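Colleague: the following comprises the amino acid sequence and a computationally predicted model.
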Amino acid sequence: NAGVIQTPRHKVTGKGQEATLWCEPISGHSAVFWYRQTIVQGLEFLTYFRNQAPIDDSGMPKERFSAQMPNQSHSTLKIQSTQPQDSAVYLCASSLVGQGYAEQFFGPGTRLTVL
Amino acid sequence: QEKVQQSPESLIVPEGAMSSLNCTFSNSASQSIWWYQQHPGKGPEALISIFSNGNKKEGRLTVYLNRASLHVSLHIRDSQPSDSAVYLCAASTSGGNYKPTFGKGTSLVVHP
């Protein structure tokens, strides 16, 4: 079991460019979560999917962020027109079921730097 | 919206000591509390969870939950240098729309 896989591990973009982050959840897990982590804000919830369906995207900045889960083996987080304040570590997690009692398994994260 | 606060922000203890970390949450209906450990450059890793009032012990870890005071604590007995990490507390409510809220973490340093 390779765990949750995130690619790339590091990404540097110029202001205004697009960034696409990839996540491969653990096989058999029905829920996938995206978080953003910074020193100032800590770990912030962005969005989550259950059985590939979007359940809650209340943490997503509306205009430039979008997430998809086209199949059960991967999810993407896309940031359009990146801004310096988007610089953060983006973490993906999966769990067997999308409920509070279920352990979340995190990937190593993608460090996004916007110059 | 659920709020989770952790204290202290940082903690330094000698090897072999007890480490005590605190977490308060705002929603008494929170179904579950999880503690995660995060080492630099890695994603958080689940340590222990608690759902009912009272305490739960696993190895060197003990967690106490008091729903009336909206407080949960994590105690690490016989702390080791390898325990040095950031510890995150997460609370979530029950129901179909599950969304965990994390605290900002406690940075624990165990010195030899």
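Modeller: Received it, and whenever you're ready, just let me know what you need. Residues are numbered from 1 along each chain as shown, chains lettered A, B, ... in the order given.

Colleague: for chain A, give me the ranges with low pLDDT.
Modeller: A:1, A:100 (pLDDT under 70).

Colleague: beta partners of the residue in it positioned nearest to chain B?
Modeller: With C-beta to the nearest C-beta, the shortest gap between chain A and chain B falls at A:Phe106, namely 3.1 Å. Placement of C-beta: from N, CA and C, glycine included. Taking DSSP bridges as the rule, A:Phe106 bridges to A:Ala93.

Colleague: again, but for B:Ile50
Modeller: So, taking DSSP bridges as the rule, B:Ile50 has B:Ile33 as bridge partners.

Colleague: go ahead and confirm it touches B:Leu65.
Modeller: Yes - using C-beta atoms under 8 Å, B:Ile50 is in contact with B:Leu65, at 4.7 Å.

Colleague: which residues of the chain fall in strands?
Modeller: The chain I'm using is chain A. For chain A, the strands defined by DSSP state E occupy A:5-7, A:10-13, A:19-24, A:31-38, A:42-50, A:53-56, A:65-71, A:74-79, A:88-95, A:105-106, A:110-114.

Colleague: please go with chain B instead
Modeller: Going by DSSP E, chain B shows strands at B:4-7, B:10-14, B:19-25, B:30-38, B:45-50, B:54-58, B:61-66, B:71-76, B:85-93, B:101-102, B:106-111.

Colleague: as JSON lines, those strands with mean pLDDT would be great.
Modeller: Output for these, formatted as JSON lines (pLDDT from 0 to 100):
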{"stretch": "strand B:4-7", "mean pLDDT": "96"}
{"stretch": "strand B:10-14", "mean pLDDT": "98"}
{"stretch": "strand B:19-25", "mean pLDDT": "97"}
{"stretch": "strand B:30-38", "mean pLDDT": "90"}
{"stretch": "strand B:45-50", "mean pLDDT": "95"}
{"stretch": "strand B:54-58", "mean pLDDT": "95"}
{"stretch": "strand B:61-66", "mean pLDDT": "96"}
{"stretch": "strand B:71-76", "mean pLDDT": "97"}
{"stretch": "strand B:85-93", "mean pLDDT": "92"}
{"stretch": "strand B:101-102", "mean pLDDT": "91"}
{"stretch": "strand B:106-111", "mean pLDDT": "98"}
